[in-house]
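Chemist: Provide a 3D model corresponding to the input given below.
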Amino acid sequence: MTTIVLTAVLIVSPACARGPKAPPPIAEEGTMTSSISSPAFENGHPIPPRFTADGIDVSPELRIDGLPVGTASLALIMDDPDAPMGTWVHWVVWNIPADTAAIEEGSEPGGSTGGRNSWGRTGYGGPAPPSGTHRYFFKLFALDTLLDLPPTADKATLEGAMEGHVLATAELMGTYTRN
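Modeler: Alright, predicted model coming up:
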């Protein structure tokens, strides 16, 4: 199994001192320091059952740092490339406000739009692997625009709309194995 290790450089700014509601720091132009993390699990480690179909199936809190200058909105895709019938999409959200420092547990930020996952519904659907250990990737995209998509849009539609608008990306990966 391949583990992706992300190295992030955090920019210390006065915005960091304002507490959890402060906007994420903006990186200097030309730097790529965006990061996504979670207080629920570390990159490459197991996702707690609470955030899965075996628990209460709510999304984990996600923290966002180091967005590039010119970020107008964010998009988020959570998927499982280890699913037996191809990549399974668990969560698709776009038009997340650019000043979002955290996506709270069990929610989508105000002003954002959630699209269709592989179950054909909107919103978060937690890990539920049929067998073995699966990897779940939370992919964050800093965009230079807001996207005009209907709430029925899926991952492929979102990816098409993001083409040419991605300023930076960040990724968080967690694993899950059913008992």
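Chemist: quick check: end-to-end length of stretch 79-99?
Modeler: Its first and final residues considered, stretch 79-99 spans 24 Å by CA to CA, to the nearest Å.
Chemist: in that stretch, what's buried?
Modeler: 79-80, 82-83, 88-96, 98-99 (16 or more other CB atoms under 10 Å). Bear in mind the C-beta positions are built from the backbone N, C-alpha and C, glycine included.
Chemist: now, those that are in strands?
Modeler: When DSSP state E defines the strands, the subset of the buried residues of stretch 79-99 inside them is 79, 80, 88, 89, 90, 91, 92, 93, 94, 95, 96.
Chemist: any chance you could map the helices in the chain?
Modeler: Per DSSP state H, the chain carries helices over the ranges 155-162.
Chemist: residues touching residue 87, list them.
Modeler: Residues in contact with residue 87 (CB atoms under 8 Å, 6 or more residues apart in numbering) are 79, 80, 81.
Chemist: go on, residue 84?
Modeler: Residue 84 makes contacts with residue 130, as judged by CB under 8 Å, 6+ apart.
Chemist: equivalent analysis for the one 5 residues further on, please.
Modeler: When the contact criterion is CB under 8 Å, 6+ apart, the partners of residue 89 are 77, 78, 79, 117, 118, 154, 155.
Chemist: hmm, back to that, make CSV out of the ones in strands among the buried residues of stretch 79-99 and add pLDDT and distance to residue 135.
Modeler: As requested, those are exported to CSV (pLDDT from 0 to 100; distance: CB to CB, whole Å):
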residue, pLDDT, distance to residue 135
79, 98, 9
80, 98, 7
88, 97, 11
89, 98, 14
90, 98, 12
91, 98, 15
92, 98, 18
93, 98, 20
94, 98, 23
95, 98, 27
96, 98, 23
